[in-house]
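K.L.:
Make a model of this:
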Amino acid sequence: MELVKMEIKGLMLDPVSNMPIVILKEVNSNQLLPIWIGVFEANAIMIQLENISTPRPMTHDLMRSILDQLNVIVEKIVVTELKNNTYFALIHLEVDGRKYTIDARPSDAIALALRTGSPIYANREVIEQAQKMEVSEEGSESERIKKWFEDLDAEDFGKYKM
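P.N.:
Numbering: from 1, shown residues only. Purely as a prediction, here's the structure:
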């Protein structure tokens, strides 16, 4: 598995489904990896990107606090595969020299990586698969979304661009 270092390019809304999308960008190229996520997950990512403090810890803040208290290091998160239009990720942890991998939704893994300052990676195959992904059964709709992604520029990422 070839791992590619990614960074968060931004958060935006899919113009067709009105669902949030977190856009990852390959660090050494302009290759994009769009991942459709839920509204609550987008909120968790946006809060961290905007450096907004909440009166009580959110779930990902709680996770970070637990990991800190137990001296667990989040080494990295990896978007590992794309199966049936669903992305999968792993959180790589180290505890007292022992390594662990935890299955996670990419949105949760990304939200945790933002809070711990951990690097984000994607499997090269996932990036390549995402470029060919059929968004809907109707070819014309899929082609329209594909063209929309190809035509994006920096201003389209709104205030959440990085």
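K.L.:
tell me the SS of the closest residue to residue 91 other than its chain neighbours?
P.N.:
Closest residue in space to residue 91, ignoring its immediate chain neighbours: residue 102 at 4.5 Å, by CB to CB, 6 or more residues apart in numbering. From N, CA and C alone the C-beta is placed, and that goes for glycine too. Look at residue 102: counting by DSSP: H, G, I helix; E, B strand; the rest coil, its state is strand.
K.L.:
cool, and residue 30?
P.N.:
On the three-state scheme (three-state DSSP), residue 30 is labelled coil.
K.L.:
show me where this protein has helices.
P.N.:
Counting by DSSP state H, the chain has helices at residues 39-49, 59-69, 106-116, 124-132, 139-150.
K.L.:
Any stretches of this protein with poor pLDDT?
P.N.:
133-162 (pLDDT under 70).
K.L.:
residue furthest from the geometric center of it?
P.N.:
residue 96 (27.4 Å; CA atoms, centre = their mean).
K.L.:
I'd say that one and residue 71 touch.
P.N.:
Yes. The criterion here is CB atoms under 8 Å, and residue 96 meets it with residue 71 at 7.4 Å.
K.L.:
and residue 3, what does it touch?
P.N.:
When contacts are counted by CB atoms under 8 Å, 6 or more residues apart in numbering, residue 3 touches 78, 121-124.
K.L.:
Buried ones from the residues you listed, can you make that a PyMOL selection?
P.N.:
Buried subset of those, written as a PyMOL selection, criterion 16 or more other CB atoms under 10 Å:
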select buried, resi 78+121+122+123
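K.L.:
Identify the residues contacting the residue nearest to residue 114 when sequence neighbours are not counted.
P.N.:
The shortest distance from residue 114 to any non-neighbouring residue, by CB to CB, 6+ apart, is to residue 48 (4.2 Å). Going by CB under 8 Å, 6+ apart, residue 48 touches 60, 111, 114-115.
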